[in-house]
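>>> Dropping the sequence and predicted coords here.
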Amino acid sequence: MKNIAKTCLFMATVILLTVTKIFAQVSVGIGISATIAPPPLPVYVQPPCPVDGYLWEPGYWAYDPDIGGYYWVPGVWVAPPGIGFLWTPCYWGFSDGAYVFHGGYWGPDVGFYGGINYGCGYYGQGFAGGEWRGNRFRYNTAAMRVNGVVIRNTYVDRSIITRNRVVNNRISYNGGRGGVSARPHPAELQAMRERHIQPTRAQLTHQQTARTDRNQFASVNRGRPAIAAMNRLNGNRFTPQGRPATSKASRHMNAAGNGRSSVSNVTNARRDNNNTGMQHQRGLANNNAVQRQQTQRMQGQQHMPQRAQQQHMPQRAQQPRMQQRAYMQPQHMQPRMQQPQRMQQPQHMRPQPSNPGNDGGQPHGRH
């Protein structure tokens, strides 16, 4: 009996070491480890798939050993490296007193990802978001959101969600204290032995971009990142509520690359808001002043003829009365300024000629 017990114990040890070795073989970034557990997974809304054939890569917490902190890599729709490939998400696993990062990979089947419930088809075991049918991928809209205008190859299957769901209360790591205690199933072990393709260059760039954003770090956002998901690589950013991220959040993402803290970001945002309000008030004041000037100019043009008449009236009043009367009366009524004529005497007062008989018939006064 003792020999049988020793044999069973030895076989169990070999199996455990084999499984651990398999984990190391399929993991990317296995050298990255942390002494503290990653934060819980944030709850967010998946943006609709924008392109037929794209597959979902769930968001995850990555670790920056230089800064010593976790940062959130937004979930994103990505193009697979080829037809028939599925994405196995990354996960954190506790081993030898540290939390070790196991990178994701592409393969014909979905392998073990720590039993982490990422949602959106990845509920802890396997994949419920869809399947390949020939050269096209069919989306299970019971688990995935798609743009129905451009994607028509869909179906609805809720039973697979119930079978594969693992209730873990947003836990983001496997093993250790408080971690998920899931172990690989036979199908997942088989998938782990298949041919794999590492994350594409675009996926790695996506992670590096999140690393340069200070606001994505848990030390800044306290485990609630403002940018939770994206509709595609280098595409539109979305909040956890599924709304498009505001320009303010985008400015914070750019400013975060310069290493500014969250306090300075909030201060700068308030200063920007105050400056914007002051500029708006100044603009209104300038507009009002311009409108007053235009109104006064228009009123001045309307009263200009009256002012001109008022200016000429004193000059007319200083003119002589005779000239003013002559200016006012018609020409036939104006007084004549001719030389005075000699008054003619009445005929009976005129001198009478003398008697022709007295002066020889010559007129008077002539000689």
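Now that the structure is in, tell me what you want to look at.
>>> which residues touch the spatially closest residue to Asn140 that is not a sequence neighbour?
Once flanking residues are discounted, Asn140 sits nearest to Gly130: 4.9 Å by C-beta to C-beta, 6 or more residues apart in numbering. Any C-beta I mention is one placed from the backbone N, CA and C, and that applies to glycine too. Shown in contact with Gly130 (C-beta atoms under 8 Å, 6 or more residues apart in numbering): Gly121, Phe137, Arg138, Tyr139, Asn140, Ala143, Met144.
>>> Any idea what Gly130 is bridged to?
Gly130 has these beta-bridge partners by DSSP bridges: Tyr139.
>>> Which pLDDT value goes with it?
For Gly130, the pLDDT comes out at 97.
>>> go on, Val167?
You'll see Val167 listed with a pLDDT of 70.
>>> Surely it touches Gly115?
No: contact criterion C-beta atoms under 8 Å: Val167 and Gly115 do not qualify, at 10.5 Å.
>>> With neighbour numbers in mind, choose between those two.
Gly115 (23 against 9; other C-beta atoms under 10 Å).
>>> All the helices of the chain, residue numbers only.
If DSSP state H is used as the criterion, the helices of the chain fall at 2-26, 159-164, 186-192, 201-211, 218-221, 247-256, 262-317, 321-328, 356-359.
>>> Only the buried residues of the third one, if you could.
By neighbour count on 16 or more other C-beta atoms under 10 Å, the buried set for helix 186-192 is Glu188, Ala191, Met192.
>>> Can you pull out the low-pLDDT segments for the stretch 51-200 of the chain?
Low-confidence segments of the stretch 51-200 of the chain, defined by pLDDT under 70: 164-166, 168.
>>> Could you pull out the strands in it for me?
Applying DSSP state E, counting those that start in this stretch to the stretch 51-200 of the chain gives strands spanning 55-57, 60-64, 69-73, 75-78, 86-88, 91-95, 98-102, 105-107, 117-119, 122-123, 130-133, 136-140, 154-155, 173-174.
>>> And the fourth one, what does it pack against?
With contacts defined as 3 or more C-beta pairs under 8 Å, 6 or more residues apart in numbering; DSSP states H and E, strand 75-78 has these neighbours: strand 55-57, helix 201-211, strand 229-230.
>>> Excluding its own residues, what touches it? List them.
Counting by C-beta under 8 Å, 6+ apart, 44, 46-47, 49-51, 54-59, 87, 120, 200, 202-203, 206, 228-233, 235 sit against strand 75-78.
>>> and with 7 Å instead?
With contacts defined as C-beta atoms under 7 Å, 6 or more residues apart in numbering, strand 75-78 is touched by 46, 49-50, 54-59, 202-203, 206, 229-233.
>>> From those, list just the buried residues.
46, 49, 54-59, 203, 206, 229-233.
>>> about what we covered before: need the winner for burial among the strands of the stretch 51-200 of the chain.
Stretch with highest mean neighbour count among those: strand 173-174 (a mean of 26; mean count of other C-beta atoms under 10 Å).
>>> Against which helices or strands is that one packed?
strand 91-95 (3 or more C-beta pairs under 7 Å, 6 or more residues apart in numbering; DSSP states H and E).
>>> strands paired with the strand it packs on, and their directions?
strand 98-102 (antiparallel), strand 173-174 (parallel).
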